[in-house]
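1. 3D model of this:
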Amino acid sequence: MSSIVQGTIAEVHFEEGDFIEKDAVILEMESRSEELDVQRTEVVVDNLKMTLERSEKLLKNTSSISMEEVDTARSEYKMSLLELELAKDALLNKRVVAPFSGIITDLPLEVGEYCEPPQILLRMVDIREFYCIANIDPAVAGKLNLGNPVEFVSERENNPNKQKGKIVFISPVVDSASGLLRIKALFSNPDGMVRPGEGGYLELGDES
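-> Residues are numbered from 1 along each chain as shown. The predicted model follows:
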């Protein structure tokens with residue numbers, strides 16, 4: 001993961017190995033100027049809102065203001081709301097939020113260090129599920145369907161592990177170089193027995 005803005009790391013809320021939930025704030029950059037800009041824009045919005053309300057009241061009850069002046073006040077108020085949204089977005093961009101639940105595997109930066117795009121701020125992975133990709137004979141693939149059960153067999157010598165899963169993708173294209181066809185299977189891995197990148201092979205069901 002990286003940030004779309006540059007800045008100095010102000011706070012890091014987690015460590016490598018921590019499991020974090022989706023939308024949790026992992027780290028924050030210095031954001032004093034962005035916070036002040038939000039506060040400033042909020043004051044502008046409040047003032048323009050009151051000005052618009054007074055203008056609409058005068059237009060309704062007296063002839064001391066024109067419709068054109070009310071339209072101008074309304075436009076200025078709407079523009080201030082847009083500026084407030086932009087200011088809030090700029091503040092949010094100073095926070096790195098988890099896009100999914102998972103475990104932090106790499107957190108190279110510390111508080112006080114400077115970063116700028118596209119520098120990597122952290123890496124995280126969700127090991128509760130995993131995909132296994134295999135290249136097989138098209139003749140075998142022709143007997144398979146999405147949802148067919150399969151098993152992943154780990155290549156560990158001392159503790160071979162089998163996980164039950166299902167086929168979620170069958171490529172419509174045969175690789176011209178190898179003559180094989182790619183399939184992808186999804187497996188549940190709640191106990192983390194299979195690690196990302198681990199070698200193994202697929203055992204297909206009776207359908208093959």
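2. what residue ranges in the chain score low on pLDDT?
-> Low-confidence segments of the chain (pLDDT under 70): 157-160, 205-208.
3. list the helices and strands the helix ranked longest in it packs on?
-> Criterion DSSP state H: the longest helix present in the chain is helix 32-61. On a contact count with 3 or more CB pairs under 8 Å, 6 or more residues apart in numbering; DSSP states H and E, helix 32-61 meets helix 67-92. Backbone N, C-alpha and C define where each C-beta goes, glycine included.
4. and the helix it packs on, which residues are buried?
-> Neighbour-count burial for helix 67-92 flags 70, 73, 77, 80, 84, 87, 90-91 (criterion: 16 or more other CB atoms under 10 Å).
5. and it with helix 32-61, angle?
-> For helix 67-92 against helix 32-61, the angle by axes from the mean of the first three to the mean of the last three CA atoms, to 10 degrees is 160 degrees.
6. element containing the residue of the chain positioned farthest from its centre?
-> Within the chain, the residue lying farthest from the chain centre (CA atoms, centre = their mean) is Ser63, at 53.9 Å. Using DSSP states H and E, Ser63 sits in no helix or strand.
7. give me the residues contacting stretch 13-25.
-> Outside stretch 13-25, the residues within contact range by CB atoms under 8 Å, 6 or more residues apart in numbering are 26-28, 95-107, 124.
8. how about a cut-off of 6 Å?
-> Residues outside stretch 13-25 that contact it (CB atoms under 6 Å, 6 or more residues apart in numbering) are 26, 95, 97-98, 100-101, 103-104, 107.
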